[in-house]
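>>> below is the structure, and that's it, no one-letter string:
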């Protein structure tokens with residue numbers, strides 16, 4: 001049994017590591033491509049890829065996903081048992097890393113909603129203008145809102161710990177349980193989970209779904225004149241519909257399982273137990289195989305977001321190839 005647990009932990013650690021590496025590489029490419037066009041005098045490229053409002057939103061999404069990806073390998077050290085037992089400030093560093101991880105996750109979720117609205121706005125009225133001050137206020141509000149909801153992690157949080165013994169590599173521990181005893185009890189914990197579920201799962205999921213449906217409706221109702229234009233429009237419409245469907249499906253699949261676990265663990269199961277057992281359950285951590293896989297699925301959004309929102313753009317792919325060539329030939 002212990003050998004199976006070790007194999008499970010090794011597999012999960014490898015999965016987390018590969019997720020972080022791939023996310024850093026893919027989002028780094030997004031940064032390079034977007035800033036390449038922002039400083040086009042430094043590069044020799046004939047492909048037009050303007051820094052529009054959509055690109056600014058994609059840049060913000062890449063920033064949030066990069067923040068999430070960076071915290072994954074850091075937690076292997078900052079939240080390791082050796083680090084927690086031998087350094088007095090280790091709990092604070094682990095909690096800070098947890099805060100940054102939740103911040104990146106929440107900011108990425110809200111940015112996806114902004115991208116969905118921006119896509120609907122552009123398809124519905126391609127000539128409409130979106131003023132930059134309004135855009136930057138929206139982005140600032142995104143990070144402020146995400147920070148406020150992530151700040152609860154700074155008081156008390158259930159965090160995964162790594163390498164607790166030679167028989168298991170992944171465990172769980174409640175950090176700072178006595179400093180914020182009232183804040184981490186079962187009653188408050190339920191409210192924290194409920195608010196996070198409403199703010200960063202249900203509302204974003206409904207928003208993205210509605211905006212995708214409205215965008216599809218606009219695309220289906222759009223007409224064109226001429227045979228050649230119709231063929232081109234048909235291909236563009238098919239690509240747009242596939243992208244919209246992938247956006248909604250990927251958003252739902254990556255976030256639904258982990259929130260269903262939270263819903264069952266903190267809201268449904270605890271309500272069926274006695275108050276004493278409920279308080280005792282709130283002090284327990286969940287690091288089952290199913291939970292750890294769902295946790296990986298939720299943070300894996302930092303990998304597939306760059307693919308869904310950038311790679312399906314033909315001009316973006318050409319610029320990626322151009323960047324790759326410039327790296328191989330040392331910028332020549």
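Now that the structure is in, tell me what you want to look at. These figures come from a predicted structure and were not determined experimentally. Numbers count the residues shown, from 1 in each chain.

>>> can you show me the helices along the stretch 151-300 of the chain?
Remark: helices assigned in the stretch 151-300 of the chain by DSSP state H, counting those that start in this stretch are 186-197, 203-221, 227-262, 275-282, 289-299.

>>> now distance to residue 81, mean neighbour count and mean pLDDT too, for the ones you listed, in a markdown table please.
No exception for glycine: its C-beta is placed from N, CA and C like everyone else's. Formatted as a markdown table, the helices of the stretch 151-300 of the chain follow (distance: least, Cβ to Cβ, whole Å; neighbours: other Cβ atoms under 10 Å; pLDDT from 0 to 100):
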| stretch | distance to residue 81 | mean neighbour count | mean pLDDT |
| --- | --- | --- | --- |
| helix 186-197 | 24 | 16 | 77 |
| helix 203-221 | 35 | 16 | 90 |
| helix 227-262 | 24 | 15 | 78 |
| helix 275-282 | 23 | 14 | 45 |
| helix 289-299 | 17 | 17 | 91 |
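
>>> which one of these lies closest to residue 141?
Nearest of the helices of the stretch 151-300 of the chain to residue 141, taken as Cβ to Cβ: helix 203-221 at 14.3 Å.

>>> tell me what the closest one is packed against?
Under the contact criterion of 3 or more Cβ pairs under 8 Å, 6 or more residues apart in numbering; DSSP states H and E, helix 203-221 touches helix 90-124, helix 227-262.

>>> quick check: buried residues in the very next helix or strand once past the shortest one?
Past helix 90-124, heading to the C-terminal end, the next element that is a helix or strand (DSSP states H and E) is helix 132-150. Of the residues in helix 132-150, those buried under the neighbour-count criterion (16 or more other Cβ atoms under 10 Å) are 135, 138, 139, 142, 143, 146, 149, 150.

>>> confidence score at the fourth one?
pLDDT, residue 142: 95.

>>> ok, it - contacts?
Contact analysis of residue 142 by Cβ atoms under 8 Å, 6 or more residues apart in numbering lists 60, 107, 110, 111, 114.

>>> the last one against residue 137, yeah?
This points to residue 114. No - checked against Cβ atoms under 8 Å, the pair residue 114 and residue 137 is beyond contact range at 11.4 Å.

>>> okay if I get the helices of the stretch 151-300 of the chain as CSV plus distance to residue 120?
Below are these laid out as CSV (distance: least, Cβ to Cβ, whole Å):
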stretch, distance to residue 120
helix 186-197, 25
helix 203-221, 5
helix 227-262, 10
helix 275-282, 41
helix 289-299, 25
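
>>> quick one: which of the ones you listed is nearest residue 12?
helix 289-299 (5.4 Å).

>>> show me what that closest one is packed against.
helix 2-38, helix 90-124, helix 227-262.

>>> by how many degrees do the second one and helix 186-197 diverge?
Our comparison of helix 90-124 with helix 186-197, counting by axes from the mean of the first three to the mean of the last three Cα atoms, to 10 degrees, yields an angle of 30 degrees.

>>> mean confidence score for helix 90-124?
91.

>>> roughly how far is it from the heart of the chain?
Counting by Cα atoms, centre = their mean, to the nearest Å, helix 90-124 is centred 6 Å from the centre of its parent chain.

>>> now the angle between helix 203-221 and it, please.
20 degrees.

>>> ditto for the first one
Put simply, helix 2-38 runs at 50 degrees to helix 203-221, going by the same axes, to 10 degrees.

>>> now for helix 2-38, which elements pack on it?
Here helix 2-38 touches helix 53-78, strand 170-175, helix 289-299, helix 301-306, helix 314-328, going by 3+ Cβ pairs under 8 Å, 6+ apart.

>>> buried set for the first one?
Right, the one you point to is helix 53-78. 53-72, 74-76, 78.

>>> hang on, the earlier thing: redo the helices and strands packed on helix 289-299 as a markdown table? Include distance to residue 304.
Shown next, in a markdown table, are the helices and strands packed on helix 289-299 (distance: least, Cβ to Cβ, whole Å):
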| stretch | distance to residue 304 |
| --- | --- |
| helix 2-38 | 9 |
| helix 90-124 | 11 |
| helix 227-262 | 6 |
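
>>> for residue 290, which of those helices is the nearest?
helix 227-262 (7.4 Å).
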